[in-house]
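K.L.:
give me a 3D structure for the following:
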Amino acid sequence: MNTISASHEKKVVRRLITNGKLIQIDKILEDGYIIIENDKITAIGTGHPSSDDIDEIIDADQQYISPGFIDLHTHGAGGADFMDGTVDAYLTVANTHACYGTTALLPTTLTCPDEELFHTFEIYRQAKKQNTKGAKFLGIHLEGPYFAYSQRGAQDPANLKAPTPEHYTSILNATDDIIRWSIAPELDGALYLGKLLKEKQIIPSVGHTDAICEEVMEAHKAGYSLMTHLYSGMQTVTRRNALRYAGAVEAAFLLEDMDVEIIADGIHLPKSLLQLIHKFKGADRIALVTDSMRGAGMPEGVYKLGSLKEGQTVMVEEGVAKLLDRSAFAGSVATADRLVRTMVQLAEVSLTDAVKMMTVTPARILHMENRIGSLEVGKTADILLFDNQIRISRTIINGQTVYQA
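P.N.:
Here you go, the predicted model:
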């Protein structure tokens, strides 16, 4: 008979979070509680459960108990950028975002030389193994290099190109960690690439594009299912040879099953546009993203956008990064808590909708809704405590407290 020594059995650690307002998908449970065993949620309810066999009791003190925030698009935070090419930079970004409620994220690249891109693939693999205290890495988001020159934003024009099989095959062969790729779908070869990515279960996303509505609709048929930072880096209604054409923005509204992400910092999109997007798309189709650069969670001042070696010098002031001549934005410095706060306080949407756009919807977009994104029995214990101002007091990842105010 085979026996297992007690010394080799994994100890079950049971934690109870109690006395809180528990945010579920469409409602808030007053006087709610959650029981966690190791890294999984094992019970949810209201009232005062037995504390027998509980190793730790966490009193929420009438704060909100929320699913952890999921950021589909971030470049950096805490003075570091994923393009810095070091494990320490990856861990700094993950640890910083965890302090603001992000429990999982997609490290996002910028358009760069291939050797720099392949290097960050290797760094990602190393950093993922060492990331035990920060927001989890769910996969890499490639932003570029297949973008429209006119919609490049802060992307380096020297490295923009059209998608060719030789080039994107070399990238896909270099890593299995890509989970999402932002592309201008009007470029030659982009529709075929979209079909290929969908077959490989990589999300093709429309971004930094000059496509008109009809071109986005064709892209959608080819597998493009997400819009990268809606309104930013794309056209709305334009005139060509005196004729009006609907743009990528209008396509996002017309395509009911097209998901969109928005930088809800209140600056990239004002109140009216936040409300318009919410009215047309609804919380089930909107993901809030920071799209943050290294200045997130840092004092205002001068920073590098992109890598410290090759990046562009920009100014962070008034809650956003700008070009030094202040002629355009140069990136967000938002954190996830700020996005939720902006949607509630500025856009005047319900707290449940705001949280859904930062949890349930991004989890569904990533096809990970069976594991993360909501407070349900059997799901991973990624949990937040925050107050009425959405100020984070505790971040729990995989059942472990990684941040406490």
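K.L.:
okay, how far is it across stretch 50-65, tip to tip?
P.N.:
With Cα to Cα, to the nearest Å as the measure, stretch 50-65 spans 19 Å from end to end.
K.L.:
before we move on, what about stretch 304-322?
P.N.:
Termini of stretch 304-322 sit 11 Å apart (Cα to Cα).
K.L.:
confidence score at G311?
P.N.:
pLDDT recorded at G311 is 86.
K.L.:
bridging residues for F329?
P.N.:
F329 has these beta-bridge partners by DSSP bridges: K322.
K.L.:
please disregard the earlier target; I meant F386.
P.N.:
The partner residues for F386, given DSSP bridges, come to Y64, I392.
K.L.:
wait, doesn't it sit right on D337?
P.N.:
Yes: at 7.0 Å, F386 and D337 qualify as touching, with contact defined as Cβ atoms under 8 Å. From N, CA and C alone the C-beta is placed, and that goes for glycine too.
K.L.:
residues that sit against both of the two, list them.
P.N.:
Taking Cβ atoms under 8 Å, 6 or more residues apart in numbering as the contact rule, the neighbours common to F386 and D337 are G101, I392.
K.L.:
between these two, who's got more neighbours?
P.N.:
F386 (25 against 21; other Cβ atoms under 10 Å).
K.L.:
contacts only, for the more buried one.
P.N.:
Q63, Y64, S66, G101, D337, I392, S393.
K.L.:
out of those, who has the most neighbours?
P.N.:
Of the contacts of F386, with other Cβ under 10 Å as the count, G101 tops at 31 neighbours.
K.L.:
test my guess that that residue contacts L384.
P.N.:
Yes: using Cβ under 8 Å, G101 makes contact with L384 at a distance of 5.1 Å.
K.L.:
what sits against Y90?
P.N.:
A80, F82, P107, I123, Y124, A127, N131, F137.
K.L.:
my guess is T335 meets T290, correct?
P.N.:
Yes: with contact defined as Cβ under 8 Å, T335 reaches T290; the gap is 6.2 Å.
K.L.:
now the common contact residues for those two.
P.N.:
Counting by Cβ under 8 Å, 6+ apart, the residues touching both T335 and T290 are A77, H97, T102, A296.
K.L.:
what's the local residue count around the second one?
P.N.:
Applying the criterion other Cβ under 10 Å, we find 30 residues in the vicinity of H97.
K.L.:
wait, is it part of a helix?
P.N.:
Yes: under DSSP: H, G, I helix; E, B strand; the rest coil, H97 sits within a helix.
K.L.:
how about the nearest residue to it, chain neighbours excluded?
P.N.:
A135 (4.7 Å; Cβ to Cβ, 6 or more residues apart in numbering).
K.L.:
how about the backbone phi and psi for that neighbour?
P.N.:
Main-chain dihedrals, A135, degrees, to the nearest 10: phi -60, psi 140.
K.L.:
ok, now which ones touch it?
P.N.:
When contacts are counted by Cβ under 8 Å, 6+ apart, A135 touches D71, A94, N95, H97, A98, T102, T103, A104, L105, I397.
K.L.:
just T395 next, same as before
P.N.:
By Cβ under 8 Å, 6+ apart, the contact set of T395 is G68, A98, C99, G101, T103, L384, T401, V402, Y403, Q404.
K.L.:
in helices, which of these appear?
P.N.:
Of these, the ones assigned to helices by DSSP state H are A98.
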